[in-house]
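Trainee: sequence and computational prediction follow.
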Amino acid sequence: MSTSYTELNLGELLKRHPELQISHTDYNINVTANFGTKLSSGDAEKMYQDFDGAGKPSTLYFHVPLCSYICHFCNYVKKYLPEDGNEEEVLENWVNLLIKESTENLHRNNWVSKARIESIYIGGGTASLLKPHHLRKLMTHIKENYYIADGCEVSLEGNPDNYQGNELAEAIEMGFNRFSIGVQSLDDQVINAVGRKHDRAMSLSAIDKLLVTEKPFNVDVIFGLPYQTPMSIAEDVRILCEKGVPTITIYRLRNADRQKMGIGNSSLWNNKRVREKMENANLFPSLEMTYTMREEILKVFLEYGYQPSPCGWWSRPDTYAEGNIPQISKNKWERYDSMIAYGPGVYGWLTGGQDTVLQTHNISDIGKYVEAMESNENPLSFGRLLEGNQAISTALGFNYKANQPIKVERYQKQFGVNLLTDTPYAEVISSLIENRLLLKVDENTLIPTLDGEALHEEIISIYFHNKIGNFTTEICNK
Ligand code: SF4
């Protein structure tokens, strides 16, 4: 990255870019498209069947929608797994449901078994709740039925409480080579206030175990939580950097309701009464305070030489080859390869390097997903067909989010447009360059600046989705 930050404080940066100001409660920006032609499940299924994905690079995602506690901020699709003695049966049922969905998809769509899978992600919910025999069953299914590329990245997402024994060694033995854990905070008062059931000691112990594996891994941290201060969250990040955690992702607490957005659940804190009670008790840090938190966190990252890549993730230099981003981010964001996704509430997309995109959305109500699966129905809820500037806007948004070079010739080849001369791209790109949110390296290469990295979600929403995706005049030249 050849540019430097002009401003570490997001609030100050937003004052310079008032067009990017998004209300605090609307902050949860959907990086997938809300536009495009909405397709019924039947029409989306038909397009899925007709898709030519054989031999094309793809990523595979399985969503395990179970958690042993429900965090008060969480708006992802998941349900509580009580400790009532039935955990084994419930976990086994979910593994079977996911395998069933995958098997039926493989049967319906010939190309799926021939797509070149370069990255696999078992996430959730809390995928690390799965016991080794469940993971083995899922991995065996994947290995036996998909075309797995050499060197495929296989990630497991989880929480510190599930990595207190020998779980990691077993996971590595069955093929996992990358991990991601939700630590969120190293302060027990904060962790307790958000409803999580691990503590600082468990998080540090899990991180130490992950470091011993010498595999790349990511630690998620949230800022803007009750009881956090700029100094306390910066201290948490300092400890993680000092330990040499390969990648740390910082999220600002968001309060948008993903159920209302049609892509997730409502969180406890989305409940108006709960929220007002907490606000009246001054438990949420102010917006200005969250800006200071981010500024203090960034100072620590810069002190330890961490690099932002992809946007919002900070990595130790050379954690990954080629751009210092994991393979899954290369597939999903930098290249916008197809993502084949299974489980309730998941979304994916079929691109295959073509100029149209089929975005897929599964049923997000967990009960209805189970009903569909038990009735042998496809749990696909709806699709979106993105064409022309709609498809280009999502490709650009993801490319920007990956924090990797945006190659003008790729857009010419794939979509038949010139980003530097055609309407509306040229106006959007030159405005981003003028505002120092994008750097033109040469006639073929654009790259997000560090200021742009800080505002990437706002830029994706306002510049790419609104100004290009919702642009109504037909302009695609291909
Ligand atoms: S943040 Fe993670 S552990 Fe907490 S409820 Fe959400 S998915 Fe479950």
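Mentor: Nice, I can see it. Residues are numbered from 1 along each chain as shown.
Trainee: CA only for contacts and neighbour counts going forward, please
Mentor: Fine.
Trainee: any figure for the gap between Ser375 and the ligand?
Mentor: According to Cα to the nearest ligand atom, to the nearest Å, Ser375 and the ligand sit 27 Å apart.
Trainee: which positions in the stretch 1-150 of the chain make contact with the ligand?
Mentor: Those residues of the stretch 1-150 of the chain that sit near the ligand, judged by Cα under 6 Å from any ligand atom, are 67, 70-71, 74, 76, 124-126.
Trainee: can you rerun that using 8 Å?
Mentor: Near the ligand, the residues belonging to the stretch 1-150 of the chain are 65-80, 124-126 when assessed by Cα under 8 Å from any ligand atom.
Trainee: list the contacts of the helix or strand hosting Glu276.
Mentor: Applying DSSP states H and E as the criterion places Glu276 in helix 272-280. Here helix 272-280 makes contact (Cα atoms under 8 Å, 6 or more residues apart in numbering) with 268-269, 284.
Trainee: I'd like these laid out as a markdown table, including distance to Leu253 and pLDDT.
Mentor: Supplementary listing: the contacts of helix 272-280 in a markdown table, determined by distance: Cα to Cα, whole Å; pLDDT from 0 to 100:
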| residue | distance to Leu253 | pLDDT |
| --- | --- | --- |
| Leu268 | 13 | 91 |
| Trp269 | 11 | 90 |
| Phe284 | 10 | 92 |
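Trainee: number of residues surrounding the nearest residue to Tyr411 once chain neighbours are set aside?
Mentor: Here the nearest residue to Tyr411 in space, its sequence neighbours aside, is Val417; by Cα to Cα, 6 or more residues apart in numbering that works out to 6.0 Å. Other residues within reach of Val417 by the criterion other Cα atoms under 10 Å amount to 23.
Trainee: ok, now how distant is Val417 from Thr423?
Mentor: Using Cα to Cα, to the nearest Å, one gets 9 Å for the distance from Val417 to Thr423.
Trainee: and for Met174?
Mentor: When Cα to Cα is applied, the distance between Met174 and Thr423 equals 50 Å.
Trainee: settle it for me: which of these two has more neighbours?
Mentor: Looking at Met174 and Thr423 with other Cα under 10 Å, you find the greater number of neighbours at Thr423, namely 18 against 15.
Trainee: how about the contacts made by the spatially closest residue to Pro405 that is not a sequence neighbour?
Mentor: Closest residue to Pro405 in three dimensions, ignoring its sequence neighbours and counting by Cα to Cα, 6+ apart: Ile447, at 4.7 Å. Ile447 is in contact with 400, 403-406, 438-441, counting by Cα under 8 Å, 6+ apart.
Trainee: only the buried subset of those residues, as a ChimeraX command please.
Mentor: Filtering the contacts of Ile447 down to the buried ones (16 or more other Cα atoms under 10 Å) takes a single ChimeraX command:
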select :400,403,404,405,406,438,439,440
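Trainee: so which of the contacts of Ile447 are in helices?
Mentor: The members of the contacts of Ile447 that map onto helices under DSSP state H are Tyr400.
Trainee: give the contact list for the residue in the stretch 201-350 of the chain that the ligand sits nearest to.
Mentor: Distances between the stretch 201-350 of the chain and the ligand by Cα to the nearest ligand atom are smallest at Ser267, namely 8.8 Å. Contact analysis of Ser267 by Cα under 8 Å, 6+ apart lists 71-75, 257.
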